[in-house]
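In: coords please:
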Amino acid sequence: MFVTDSAVTIDEMGYAMSRLEIESELFDDGNVTNEAATSNRSKKPLHNVDHEIAQLTNLRSRPHERLCQLMPGKQKLPVSPVKMLAGREGNYSGRGRFSSADCCHMLSRYLPVNGPWPVDQMKSRAYVSQFSADGSLFVAGFQGSNIRIYNVDRGWKVQKNILAKSLRWTVTDTSLSPDQHYLVYTSMSPIVHIVNVGSTATESLANITEIHEGLDFSAADDGGYSFGIFSVKFSTDGRELVAGSNDDSIYVYDLEANKLSLRIVAHTADVNTVTFADESGNLIYSGSDDNLCKVWDRRCFVAKGKPAGVLMGHLEGITFLDSRGDGRYFISNGKDQTIKLWDIRKMSPNTPCNLDFRNYEWDYRWMDYPPQARDLKHPCDQSVATYKGHSVLRTLIRCYFSPEYSTGQKYIYTGSHDSHVYIYDLVTGAQVAVLKHHTSPVRDCSWHPHYPMLVSSSWDGDVVRWGFPGNGETPAPVSKKRIRRRYYY
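Out: This next block holds a predicted model:
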């Protein structure tokens, strides 16, 4: 079920490309009424990002100016598919074809809001769910030790069912290698396990049917302290892993040398999330329960022994980071119930101000966010923009940029404690869609890199996919089962 800010519920979206409302679009004097970009969607912006990233987003997702002016009347976005096609046939852009920005403009209108349709249903909480880089595989990790890899191209058939080894509490994170031959998974343990997912066996029981090699992330100087890992990522070349842990540290593991190559005591609290900034692997972003985002440049860390810069703005701990992939911008989800957009060129060499005005006690694992804290603002907020509406409670809920190929990264989407998936417009901050189905927190969700398809996973055990315009299947019924609450991470 898809719901907009105006509380309009749409069960039958009626966005099929076959109808396109051709008559009204050809003769409406430039006023387009169509698909996912119009009247049923909230148009009220929270802000307008007056920043370079707004121009970069437009360059990736805005059609050629001559296509915008194809019909008489005031130029208005979005441009309808009929006008885009007519402009291409008339070679209005002078290229004789659609550019990548033209394609993004068309594809980004068709949001994955139909459905949902079931992918899987487990008896334990889903903690991780991600598409592979090419979208052919989908990985879901559950608290009950199972990690399942689905073959998307073969009707979501389970290609590999992995039973995690030495699990402590839950599967906290997974990451597929760039060549999609290996998967690593983490738990509340310093041992990261790596599995060959390219083997023919469907069932992968640790060290019974297949070897789950353990990579020891503990350092020689840690005094034998056992810590847990919250976040792990492969580098783009597949040669390294970066991880964040609850001993306030960042770890880099060299897979070719099979040893830990770097440990950074990075924060003063749990490092909940880490990621490489771009393909070079030189820059690492980290987010922590000390409310700070930090940028680490490995080229100069040994000499300086400190981060390249610090970014302040969150009032509470940071649950997840996602890089735009350009080595400049990233977003963060925070326990202060906000997503923030960052430009690392705004970072400071240190923390010039401290938060000493908090006069309430609060723990996100079992308490609601204090009403008096919702209007507080960080006195030294360095973020470019802030997005509100979702809820970050109980667990480390994740947020992402929408895909570059199909949307030009013009949206931000996130799971939420209130059981929904939220999609925001990057530039205006407007809430463009809310996906409702689950009955427990949605910790993770993933947008297909090429198609208008999004998969959400929840603590209710459901993994479901949302699409556009649908495939004639009956959407999944809302689950009525109850999940017993326990201690949260």
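
In: make it CA atoms for all contacts and neighbour counts henceforth
Out: Will do.

In: got any ranges where the stretch 101-250 of the chain has weak pLDDT?
Out: The model of the stretch 101-250 of the chain has pLDDT under 70 over residues 205-209, 220-225.

In: which parts of it are strands?
Out: Under the criterion DSSP state E, counting those that start in this stretch, strands of the stretch 101-250 of the chain are mapped to 114-121, 126-131, 137-142, 146-151, 157-163, 173-176, 182-186, 191-196, 203-205, 213-216, 229-234, 240-245, 249-254.

In: looking at those, which is nearest to residue 438?
Out: strand 114-121 (9.9 Å; Cα to Cα).

In: picking up where we left off before, so can I have CSV of the strands of the stretch 101-250 of the chain showing mean neighbour count and distance to residue 344?
Out: Listed next are the strands of the stretch 101-250 of the chain as CSV, based on neighbours: other Cα atoms under 10 Å; distance: least, Cα to Cα, whole Å:
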stretch, mean neighbour count, distance to residue 344
strand 114-121, 21, 36
strand 126-131, 25, 26
strand 137-142, 24, 30
strand 146-151, 22, 35
strand 157-163, 19, 38
strand 173-176, 24, 25
strand 182-186, 22, 28
strand 191-196, 21, 30
strand 203-205, 19, 41
strand 213-216, 16, 32
strand 229-234, 26, 20
strand 240-245, 24, 19
strand 249-254, 22, 19
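
In: wait, which of these is closest to residue 390?
Out: Closest of these to residue 390 is strand 126-131, at 17.8 Å (criterion: Cα to Cα).

In: that closest one vs strand 146-151, what angle?
Out: For strand 126-131 against strand 146-151, the angle by axes from the mean of the first three to the mean of the last three Cα atoms, to 10 degrees is 20 degrees.

In: contacting residues around strand 126-131?
Out: Residues from elsewhere that reach strand 126-131 (Cα atoms under 8 Å, 6 or more residues apart in numbering): 137-143, 170-174, 443-449, 455-463.

In: looking at the strands of the stretch 101-250 of the chain, which is nearest to residue 334?
Out: strand 229-234 (15.2 Å).

In: now the angle from the closest one to strand 182-186?
Out: Counting by the same axes, to 10 degrees, strand 229-234 lies at 160 degrees to strand 182-186.

In: burial check on residue 459, number of neighbours?
Out: 28 (other Cα atoms under 10 Å).

In: which of the strands of the stretch 101-250 of the chain sits closest to residue 404?
Out: Proximity to residue 404 (Cα to Cα) singles out strand 126-131 among these, at 14.2 Å.

In: can I get the closest one in CSV? Just the C-alpha atoms.
Out: Provided in CSV are the C-alpha atoms of strand 126-131 (Å, rounded to 0.1, in the frame of the first residue of the first chain):
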residue,chain,number,x,y,z
ALA,A,126,15.5,-9.5,9.2
TYR,A,127,18.5,-7.3,9.8
VAL,A,128,20.1,-6.9,6.4
SER,A,129,18.8,-6.8,2.8
GLN,A,130,20.8,-5.6,-0.2
PHE,A,131,20.9,-6.0,-4.0
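
In: I'd like the strands of the stretch 101-250 of the chain laid out as a markdown table, including distance to residue 399.
Out: As requested, the strands of the stretch 101-250 of the chain are exported to a markdown table (distance: least, Cα to Cα, whole Å):
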| stretch | distance to residue 399 |
| --- | --- |
| strand 114-121 | 20 |
| strand 126-131 | 12 |
| strand 137-142 | 16 |
| strand 146-151 | 21 |
| strand 157-163 | 25 |
| strand 173-176 | 14 |
| strand 182-186 | 19 |
| strand 191-196 | 23 |
| strand 203-205 | 30 |
| strand 213-216 | 28 |
| strand 229-234 | 14 |
| strand 240-245 | 17 |
| strand 249-254 | 20 |
